[in-house]
Each structure stands twice: as C-alpha cells, then as structure tokens.
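Engineer: predicted model, plus sequence, below.
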Amino acid sequence: MPPVTGGSIAAGDELRAAAAADITELVHLRAVMLSSLGQDPGGEGAPWRKQAATWFSERLARPDEWAFQVIGPPGGPLAACGSAWLTEHLPGPAIPDGRRGYIGFMCTRPSARHRGHG
C-alpha cells in the first residue's frame, strides 16, 4: 500500500511507515490500547506479547496488503500508531474488483494524546 500523506501532526513528530525495529513498541501500544478498553494486558512476559510480535513481523513483511503508520523515531518510543489492510472478496456491482480496505489498531500513548495524532 502507498504511504499515508497529508494531514497534520504535532511539530517535531515524524509520521512514517513502521519497520521491524518498531515491533516492541507496536506490541507495547497494543497493550496500551487493550488497557484503555478495560482489558488487563498482563505484564511484559504475558504469552500474547510474543505472539503479537510474530504477528506484526509477518504483516510488516506484506506491504501490499498491510500498512502500519507510526509517529516516532525508528526503534524508539512511539507516540502513536495505526494500521490498514486490504482483503479480497467476490466482486460485485458496488465493489467491482472485490478489494476492501479496513482501518484499525489506532492507538496513541497517553502522554502524547491531544496533540493531533488521532
């Protein structure tokens, strides 16, 4: 998928595509999101975190289907992240090529909220 462009973010923040070096932070932001939704994400050693890291790694390797945008330095603390993905369905009159896009996994670190990231 092409990179996201346009929009505005806070001064000094960089919007960029996520990279493998961001996986630890992506898992952390997933835990932040789960906690914000009232779910206990468990500690750093919770089994789902390793599975989530593998999940992110696999999808970052498929940029034609998955896009992960982040705000922050590569391998450093991320202020926010979001994802989008494509799925293929049987074509029809409303969607002749059958492709559908979805936006999900939007999360902003609590300390970075109210700065225009989401």
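Structural biologist: That came through fine.

Engineer: the helices in the protein, which residues?
Structural biologist: 23-36, 47-60 (DSSP state H).

Engineer: does Phe56 touch Leu29 like I think?
Structural biologist: No: between Phe56 and Leu29 there is no contact under C-beta atoms under 8 Å: 10.5 Å. All C-beta atoms are positioned from the backbone trio N, CA, C, and that covers glycine.

Engineer: ok, back up a step: so which of the helices of the chain is the most surrounded?
Structural biologist: Counting by mean count of other C-beta atoms under 10 Å, helix 23-36 has the highest mean neighbour count of these, with a mean of 18.

Engineer: thinking again about what came up before, Throw the helices of the chain into CSV and include mean pLDDT and distance to Ile103, thanks.
Structural biologist: Putting these into CSV (pLDDT from 0 to 100; distance: least, C-beta to C-beta, whole Å) gives the following:
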stretch, mean pLDDT, distance to Ile103
helix 23-36, 95, 14
helix 47-60, 97, 14
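
Engineer: how about those in TSV, adding distance to Asp13?
Structural biologist: What follows is the helices of the chain, written out as TSV (distance: least, C-beta to C-beta, whole Å):
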stretch	distance to Asp13
helix 23-36	14
helix 47-60	21
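
Engineer: overlap in contacts of Phe56 and Leu29?
Structural biologist: Common contact partners of Phe56 and Leu29 (C-beta atoms under 8 Å, 6 or more residues apart in numbering): none.
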